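Asker: coords please:
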Amino acid sequence: MENIPLLKDIVILMAVSVPISILMTRAGLPTIIGFLVGHGLNGRNLARVLKETGINHLVVDMNIDRVKEAKDDGHRAYFGDPSHTEILKKMGVESAKMVVVAISDPISTRRIVKTSRDMNPAVSILVRTRYIREVEDLYRLGANQVIPEEFETSVEIFARVLRDYRIPGNIIQNQIDLIRSEGYAMFRTPTPGKDRLASLTAVLEKSLTDTFYVDAGRTDISGKSLSELGLRKKTGATIIAVVRKGEARTNPSADFKVETGDILVVLGSHAELNKAFEMLHNGRDRET
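Answerer: Next comes the predicted model:
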């Protein structure tokens, strides 16, 4: 095994199956990076980004071919098993500010978390695990944040559904942050809490805004005035502005005629926006 130079103020990264930089940002942990352990597909991608951005890093992997590949890519790379205490010591865990563990082996993951915590009580430990059953045990062993892979997939689906329902981005992010801060309890219980359902319902009932692009190939509203469209009367939603050739026109009059290429800014509740967009796509009230 090659000697591994000790770096101060380090971060240790294990081979990942989700973008590790995203996990670090989501967990609110520092992003100073010193070590990258594992040089699989995602490890290579991260190492390349670190190199391109000039962030000092070192690659450690148990696969000698990957170590060679990392060296060929211009990274400082070393062979070793980070689940062993002596390797963690050589890597400088005792002085690390952060340890990120995202390997597939649950036994090695637990060993790394416990040993890292024992060696450095102050270190921040972020763990990616494939299995929800590992979450509580990893917290008990000393992890500060545990990212269960299967629930991150659920979170992404959850977020995309809300985006499709035109929920504002900051509301979506608040819901995601709440889910993570509660240890993914929303997905670990048969039904979401009544308070969360109530908060989401309240969002859906509030006035929201969305934009509609007037495309001649997809709608036949071009050339019609707002009065002729009758959007507010038929759906309850209101066109509060029109962006034409980069210029915003607020509070357009009833005789304002829509043109191809316009961007309509529409205000209404979630239900009103749904009905309005269906009408705009069809160029007529869906009930006529």
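Asker: What segments of the stretch 151-288 of the chain are strands?
Answerer: For the stretch 151-288 of the chain, the strands defined by DSSP state E, counting those that start in this stretch occupy 208-213, 238-244, 247-250, 263-268.
Asker: now for these, which one comes closest to Gly142?
Answerer: strand 208-213 (42.7 Å; Cβ to Cβ). Any C-beta I mention is one placed from the backbone N, CA and C, and that applies to glycine too.
Asker: could you show me where the helices are in the stretch 51-200 of the chain, in order?
Answerer: For the stretch 51-200 of the chain, applying DSSP state H, counting those that start in this stretch gives helices covering 64-72, 85-91, 106-119, 135-141, 149-164, 169-181, 185-188, 194-205.
Asker: can I get the ones you listed in TSV with mean pLDDT?
Answerer: Putting these into TSV (pLDDT from 0 to 100) gives the following:
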stretch	mean pLDDT
helix 64-72	84
helix 85-91	80
helix 106-119	90
helix 135-141	92
helix 149-164	73
helix 169-181	70
helix 185-188	54
helix 194-205	52
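Asker: which of the strands of the stretch 151-288 of the chain sits most buried?
Answerer: A comparison of these by mean neighbour count, using mean count of other Cβ atoms under 10 Å, puts strand 263-268 on top with a mean of 20.
Asker: quick one: contacts for the residue nearest to Ala276 when sequence neighbours are not counted?
Answerer: Nearest residue to Ala276 in three dimensions, chain neighbours excluded: Ala237, at 3.7 Å (Cβ to Cβ, 6 or more residues apart in numbering). Applying Cβ atoms under 8 Å, 6 or more residues apart in numbering to Ala237 gives the contacts 231, 266-269, 272-273, 275-276.
Asker: Flag whichever of these scores worst on pLDDT.
Answerer: Minimum pLDDT for the contacts of Ala237 is recorded at Ser269 (81).
Asker: Quick check: pLDDT value at the residue nearest to Ala276.
Answerer: Ala237 is assigned a pLDDT of 91 by the prediction.
Asker: Also Gly230?
Answerer: 93.
Asker: Could you find the closest non-adjacent residue to Ser253?
Answerer: Leu226 is the one closest to Ser253 (Cβ to Cβ, 6+ apart), at 7.4 Å.
Asker: In CSV, list the strands of the stretch 151-288 of the chain along with distance to Phe79.
Answerer: Putting the strands of the stretch 151-288 of the chain into CSV (distance: least, Cβ to Cβ, whole Å) gives the following:
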stretch, distance to Phe79
strand 208-213, 53
strand 238-244, 57
strand 247-250, 59
strand 263-268, 56
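Asker: Ile125 contacts Ala143, correct?
Answerer: Yes. Counting by Cβ atoms under 8 Å, Ala143 is a contact partner of Ile125 at 4.7 Å.
Asker: Identify the contacts common to the two.
Answerer: With Cβ under 8 Å, 6+ apart as the test, Ile125 and Ala143 both reach 101, 113, 117.
Asker: Identify, from those, the entry nearest to Asp210.
Answerer: For those, the residue nearest Asp210 by Cβ to Cβ is Val101; the value is 40.7 Å.
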